[in-house]
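>>> My questions concern the predicted model and sequence given below.
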Protein chains: 2
Amino acid sequence: MADNIIISEQRARDWATAILAKVGVTGQYAAYVSDCLVHSNLRGVDTHGLVRLTAYAAKMQHIQVGGVKVVRESETTCVIDAGSQLGPIGGSIAMEKAIEMAKAHGMGLAVVRKSNHYGTAAYYAMKAAEQGLLGISLTNASPRIAPWGSVEAIIGNNPWSIAIPGAGFPVVLDMANTVVANGKIRTCLREGKPLPDGWAMDKFGNPTNDPLAAQDGLLMPIGGYKGVGIATMVDILCSVLSGGAFSKDVARIDDPYHPTGACHFFIAVDIARLISPEALRERMAEYVAMFKGVRLKEGTKEVFLPGEIEWRIEQDRRKNGIPLSVKTIGELNALADRLDVAHIDA
Amino acid sequence: MADNIIISEQRARDWATAILAKVGVTGQYAAYVSDCLVHSNLRGVDTHGLVRLTAYAAKMQHIQVGGVKVVRESETTCVIDAGSQLGPIGGSIAMEKAIEMAKAHGMGLAVVRKSNHYGTAAYYAMKAAEQGLLGISLTNASPRIAPWGSVEAIIGNNPWSIAIPGAGFPVVLDMANTVVANGKIRTCLREGKPLPDGWAMDKFGNPTNDPLAAQDGLLMPIGGYKGVGIATMVDILCSVLSGGAFSKDVARIDDPYHPTGACHFFIAVDIARLISPEALRERMAEYVAMFKGVRLKEGTKEVFLPGEIEWRIEQDRRKNGIPLSVKTIGELNALADRLDVAHIDA
């Protein structure tokens, strides 16, 4: 494997901003998008980092967008129409509104329609946690999951995140609702390896270890019908409450010709109304100590709280830069060439 | 198998009330508990119905309880000390507070400490949905789940529920975070059957199909580390925010000598501020039609939304009564004998 190339956080931000400017995304809107993507790279979630700019840019070159608008609001709730802008724009504006309402009234809920792929769910939940609040972030997505007992994917994998300030590091749950993402099936297919039990079903809805059959088939939801249930509820909360698209009406991120139509749902809670920041830190420290003091399985060195590994990676990458694979750099530079922007590693 | 015995809804309520009176739970407190348990029986969730009274009564005969008190509050948030009362008491009072706050301000959050086993998570979420609101209900519980990479259960299975009013029936997700509950392992053990893949691990943390090894071992969380993450987050939200017990400090429901110390977390949202009740019904009807119109797996007749099966059972049982097995009736009557109350089928 070729060596990685290290890109500094600042270079990543500047390059993303230059790319976005070429497709008409500027100012604060561009800042939202680049911050969201670089945040993922910093946390080691490179699948949701700068590589997404290729699809984001293609979408912006083909679809019509409008301004992000609050279309309905009360003291603790609001509905936002994201005008088909890139997901981190409507998503960030919505979570900022939810945080503002929570600071004023204790809680805030913002639902968003006509948005787009919004990066990681954690990015938004963590915006709240960074300010001492509890954050919840849900999004729907294009179909990936079949209702239990069916063979047709009509529900998105619909990621969700909950983040709470911690002692030392925030605890951040961020997950989608299948056992593995489709990328892991593709990796097994490429490497000619059988799938582990429980990853996928064939197109008839039967469990399979054959990556080719899985590719034509269905991802296995976590806990079977339970994962379907979570994904369905996330879809309903995001789409029905916002007046936006659900199920097959949510277009694929890599389809440049149609607005995605994705919908989001955000909650922020001012938890200082429940427990003082000092007491919270103390109790979270107790919780972490309890958790990490567990008896380990043979061969395991340490157990991790949700988001702890990503937090460690972030500490390292903020200081030492973001390592990107030669393949990723190639993809990013191809995009740079298309848009007449300097190479990221120039 | 012996025939079931049919008990009317009213008889179930009256009998539960009589049992509760004998252990000092009366008036509105008794009404909360009997309504919660009978609600489970009506919905076919008999594991969380009247059978729980044996453990509930034993607990009440051994522990000291105090009144349920609001210890901290703001316009949209409150912290409740449940005084070690039976779970449905503090739970119901808390969800009623959350609903009241949501009606006044759009959202309400109530966290509860020093509570007890609270029945099904759905019971509380559905209280909100019955009034046209979105309801969320979480509880922690005594340890069942081991952090991923460890062999010691230190996190509860920590059930959670989300309910939203629907078209015809509410959509109600209600789940714990392991692939199956411990009862299913016990059933395989009793029947001498091997466990299906993915249900459990042995005491060394390795997957097993042997029900005996599983009994000494660990339940498999849904999606492995993902289920651990959900259960951990539920534990933190319930306990840390309420100032209550977590992990091993939550006692078992069937330990009569110690208060359980379980903690809960409830959210209610006045979704009429986001979408009118008429529009909500219309969109939920569209959602249900989309979901149920999916292409089925061979041999499957129908797919169900979360809570739909339970809703159908409820329609039947409200009209025709609750069928209880002869074994369950025997257990309930043994409790009746101990407390000098008439048999449930008398």
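Here it is on my side, so go on.
>>> Phi, psi for the closest residue to residue A:62 other than its chain neighbours please.
In this structure, residue A:62 finds its nearest non-sequential neighbour in residue A:256, 4.7 Å apart by C-beta to C-beta, 6 or more residues apart in numbering or on different chains. Using the backbone N, CA and C atoms, a C-beta is placed for each residue, glycine as well. Dihedral pair for residue A:256: phi -80, psi -10, per degrees, to the nearest 10.
>>> Which strand or helix spans residue A:108?
strand A:107-115 (DSSP states H and E).
>>> for whichever helix or strand comes after that strand, which positions count as buried?
As assigned by DSSP H and E, the chain's next helix or strand after strand A:107-115 is helix A:121-130. Neighbour counts over helix A:121-130 (16 or more other C-beta atoms under 10 Å in any protein chain shown) mark A:121, A:122, A:123, A:124, A:125, A:126, A:127, A:128, A:129 as buried.
>>> Then stretch A:275-291?
Quick answer for stretch A:275-291 (16+ other C-beta under 10 Å): A:275, A:280, A:283, A:284, A:287, A:288, A:290, A:291.
>>> for stretch A:217-236, same thing?
A:217-224, A:226-236.
>>> wait, isn't residue A:69 in contact with residue A:83?
Yes - with contact defined as C-beta atoms under 8 Å, residue A:69 reaches residue A:83; the gap is 6.8 Å.
>>> Okay, and the closest residue to residue A:224 other than its chain neighbours sits in which element?
Take residue A:224 and drop its neighbours on the chain: the residue closest to it by C-beta to C-beta, 6+ apart is residue A:148, 6.0 Å away. For residue A:148, there is no host helix or strand (DSSP H and E).
>>> I'd like to know how far residue A:148 sits from residue A:138.
20 Å (C-beta to C-beta, to the nearest Å).
>>> Same question for residue A:236.
Counting by C-beta to C-beta, the gap from residue A:236 to residue A:138 is 10 Å.
>>> before we move on, what about residue A:17?
28 Å.
>>> okay, these two: which has more neighbours?
Using other C-beta atoms under 10 Å in any protein chain shown, the more surrounded residue of residue A:17 and residue A:138 is residue A:138, with 24 against 19.
>>> which strands and helices sit next to the helix or strand bottoming out on mean pLDDT in chain A?
Least confident helix or strand, chain A: helix A:182-191 with a mean of 92, by mean pLDDT, DSSP states H and E. Packed against helix A:182-191 by the contact rule (3 or more C-beta pairs under 8 Å, 6 or more residues apart in numbering or on different chains; DSSP states H and E) you find helix A:211-215.
>>> Can you give me the buried ones in stretch A:37-53?
A:37-46, A:48-53.
>>> And the pLDDT at the residue positioned nearest the centre of chain A?
For chain A, the residue lying nearest the average C-alpha position, counting by C-alpha atoms, centre = their mean, turns out to be residue A:120 (1.5 Å). pLDDT for residue A:120: 98.
>>> Phi, psi for it please.
phi -90, psi 150.
>>> One more: residue A:86?
Per degrees, to the nearest 10, the backbone of residue A:86 is at phi -60, psi 140.
>>> ok, it touching residue A:58?
No - look at residue A:86 against residue A:58 with C-beta under 8 Å: they stay out of range, at 11.4 Å.
>>> mind listing which of the buried residues of stretch A:217-236 are in strands?
A:218, A:219 (DSSP state E).
>>> which ones among the buried residues of stretch A:217-236 are found in helices?
Using DSSP state H, the members of those that fall in helices are A:226, A:227, A:228, A:229, A:230, A:231, A:232, A:233, A:234, A:235, A:236.
>>> Adding pLDDT and distance to chain B as columns, could you present those in JSON lines?
Output for these, formatted as JSON lines (pLDDT from 0 to 100; distance: C-beta to the nearest C-beta, whole Å):
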{"residue": "A:226", "pLDDT": "98", "distance to chain B": "5"}
{"residue": "A:227", "pLDDT": "98", "distance to chain B": "7"}
{"residue": "A:228", "pLDDT": "98", "distance to chain B": "8"}
{"residue": "A:229", "pLDDT": "98", "distance to chain B": "4"}
{"residue": "A:230", "pLDDT": "98", "distance to chain B": "7"}
{"residue": "A:231", "pLDDT": "98", "distance to chain B": "10"}
{"residue": "A:232", "pLDDT": "98", "distance to chain B": "6"}
{"residue": "A:233", "pLDDT": "98", "distance to chain B": "5"}
{"residue": "A:234", "pLDDT": "98", "distance to chain B": "9"}
{"residue": "A:235", "pLDDT": "98", "distance to chain B": "8"}
{"residue": "A:236", "pLDDT": "98", "distance to chain B": "6"}
